[in-house]
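# this is the structure alone, sequence omitted:
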């Protein structure tokens, strides 16, 4: 409260009549007079909260019970700040009309004839008259346009812009192009401005010409009651997720930021972040409006996944590696197509600015496309040539094979652990090795290690977004069931063949990649299929791009495994979810955590077949829901840059601790 009082006092001193001491003295006296009232109000509110906490059945206020808003800390903070400001505002002369900002209120509507009048009514009822409204009809097919035309005849400050449907971001940009006001405010068609909002906001922008962007409070109306939303201004927290609703956000038109039209969701958050980057943002104690939290069937939150947009926003803001960080990936074979997780992680590190080269111990049997330099001599020769700051390895056995050489060369060594070879003995040996700086483990595997180590870090699998973009739900083949994996006998393919026989209306496709030194196992697996007389189509050694095309079409992805083997985090599950496929995964340690609400686990081939057959009765809403859940899970957790960012940060720290110096220009030092 003292900080709010100081801020208000500074505004008084700037816009007053040249006697700031007298005005501040008047403000202080009014504050002192009001303080007992406000303190009594806070005490009463705290007592109500305590009583409600003792009676959980009374915790939910009745619908539209505004007194219920006082039960939140944000509500109390807002009430105190707002009343304090109102007291200080009385202590000075109101700003002259000629100095008031001219608001441009931008409202976008598409097929909202049933609610848009409420938004317009709240706008035209504003006590502040110096505003214009640009209402963008984004290709409505209902009666929205006729409603807007009728209102524009009554209210000359409304300007209607009609355009073909291109989405909310493009429509808002169209509104910005038409805006003429000094300050831009935003209003969604299903929300309303609070009475006096523009007048109160005008005071803040008039009293501080340096104020470029701000947000107010909202009454959030839900079925169970009403509360105030007015979070503290924390720009670091804003980086993690949006807490500023666009309907409560204002900024000077001169800021000059536009919405990103490539984002189907979270364009508001991205927009506010970029405005804040340019001019900052401030919380002001004004009631902006009423947010009606109703679950309409046409709300974008129900029809579009947020995961892909979340990664797109994060990707813009993710820090890149310091120029000059060199990491040598020491691998058994590369570029081997069956190890697509290595390609994904590697491309993620490169995208983050790491200079990567590979030393491969042997030649792959089915290579994938690759543009990374590959060393084929000895590991010592690769180190001499590349002079890496860190050597990074996959698989415990390979890390042990290379650890002595890496240690002898005085280079820190990191390893990403996978499930197929996971065991305590190898983990202990590698943890104790002096070359080992970090061991990256999947969460469920780390939980199985019976000791702790400062070298352990939790990581996940990753997928390559460029290869596995979201596929439209309408483009998915709901009868196509896919499985992708290495041609090894431990992958549980007999279960897949059995499922196919029990699901005659579905098409089952198995993509096998030949594994080095075990290439003949593919023919043995094909023999299993023939013995069982299963209708599964088998495709062998496809390119990554061909696998990605199949993933984009398949609506169902089944992962099979030997229940006696250790489950890692198979990349094919993340790749399938990234395209919107519904994943079915064998129940085992780590499976449910991997899916985290997307897809389903099964305990037998028969149960999996039953689950697949049940999809024949799914309606469009159900298919959209599972598609959205898969996309949200994959894109919020497994994009390769996101997975590799903390590993890259570790490499920086490890290299610097080992004596590396990075110059801004990226020269080798």
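Arrived safely. In this text, all values refer to a predicted model and were calculated from it rather than measured experimentally.

# tell me, how many residues neighbour residue 235?
The number of residues packed near residue 235 is 11, by other Cβ atoms under 10 Å. Just so you know, the C-beta spots here come from the backbone N, C-alpha and C atoms, and that holds for glycine as well.

# show me where the stretch 51-200 of the chain has its helices.
73-90, 116-124, 144-154, 168-178, 197-207 (DSSP state H, counting those that start in this stretch).

# now do the second one against helix 197-207, angle only.
Relative orientation of helix 116-124 with respect to helix 197-207: 40 degrees, computed using axes from the mean of the first three to the mean of the last three Cα atoms, to 10 degrees.

# let me know the pLDDT of residue 565.
Here the pLDDT value assigned to residue 565 is 85.

# please identify the deepest-packed of the helices of the stretch 51-200 of the chain.
Mean neighbours per residue, mean count of other Cβ atoms under 10 Å, is largest over those for helix 197-207, with a mean of 22.

# hmm, back to that, ranking the helices of the stretch 51-200 of the chain by mean pLDDT, which is last?
helix 73-90 (a mean of 67).

# any chance of the helices of the stretch 51-200 of the chain in JSON lines, plus distance to residue 322?
What follows is the helices of the stretch 51-200 of the chain, written out as JSON lines (distance: least, Cβ to Cβ, whole Å):
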{"stretch": "helix 73-90", "distance to residue 322": "39"}
{"stretch": "helix 116-124", "distance to residue 322": "48"}
{"stretch": "helix 144-154", "distance to residue 322": "52"}
{"stretch": "helix 168-178", "distance to residue 322": "33"}
{"stretch": "helix 197-207", "distance to residue 322": "40"}
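
# helix, strand, or coil at residue 350?
Secondary structure assignment for residue 350 (DSSP: H, G, I helix; E, B strand; the rest coil): helix.

# state the distance from it to residue 327.
Distance of residue 350 to residue 327, given as Cβ to Cβ, to the nearest Å: 10 Å.

# my guess is residue 560 contacts residue 495, does it?
Yes. Residue 560 lies in contact with residue 495 (Cβ atoms under 8 Å); the separation is 4.7 Å.

# spit out the residues that contact the two alike.
Jointly contacting residue 560 and residue 495 under the rule Cβ atoms under 8 Å, 6 or more residues apart in numbering are residue 586.

# what's around residue 597, how many residues?
What residue 597 shows, counting by other Cβ under 10 Å, is a neighbour count of 9.

# and what of residue 160?
Applying other Cβ under 10 Å, I find that residue 160 has 15 neighbouring residues.

# tell me the pLDDT of it.
94.

# likewise for residue 642?
97.

# hang on, it packs against residue 311?
Yes. Checked against Cβ under 8 Å, the pair residue 642 and residue 311 is within contact range at 6.5 Å.

# picking up where we left off before, of residue 350 and residue 327, who's got more company?
Legend: neighbour count by other Cβ under 10 Å for residue 350 and residue 327, higher for residue 327 (24 against 18).

# ok, that one to residue 402 distance?
Per Cβ to Cβ, residue 327 is found 14 Å from residue 402.

# same question, residue 637
Taken as Cβ to Cβ, the span from residue 637 to residue 402 is 30 Å.

# for residue 609, same thing?
In terms of Cβ to Cβ, residue 609 sits 44 Å off from residue 402.

# OK, contacts around residue 413?
When contacts are counted by Cβ under 8 Å, 6+ apart, residue 413 touches 390-393, 399, 402-403, 406-407, 433, 435-437.

# what about 6 Å?
Residues in contact with residue 413 (Cβ atoms under 6 Å, 6 or more residues apart in numbering) are 391, 403, 406, 435-436.

# just want the most central residue of the chain.
Central residue of the chain (Cα atoms, centre = their mean): residue 310, 2.8 Å from the mean position.

# hang on, isn't it packed against residue 638?
No. Using Cβ atoms under 6 Å, residue 310 makes no contact with residue 638, being 11.9 Å away.

# give me the common contacts of residue 350 and residue 327.
Jointly contacting residue 350 and residue 327 under the rule Cβ under 6 Å, 6+ apart are residue 356.

# list the buried residues of stretch 372-392.
The neighbour-count check on stretch 372-392 (16 or more other Cβ atoms under 10 Å) flags 374-375, 379, 382-383, 386, 388-392 as buried.

# typo on my end, stretch 322-338
Neighbour-count burial for stretch 322-338 flags 322, 324-338 (criterion: 16+ other Cβ under 10 Å).

# off-centre distance for it?
28 Å (Cα atoms, centre = their mean, to the nearest Å).

# same question, stretch 509-527
In terms of Cα atoms, centre = their mean, the centre of stretch 509-527 is set 37 Å apart from its chain centre.

# re the thing from before, quick one: name whatever helix or strand follows the strand or helix carrying the residue nearest to the centre of the chain.
Assessed by DSSP states H and E, residue 310 sits inside helix 307-317. Next helix or strand after helix 307-317 toward the C-terminus (DSSP H and E): strand 326-333.

# lovely, talk soon.
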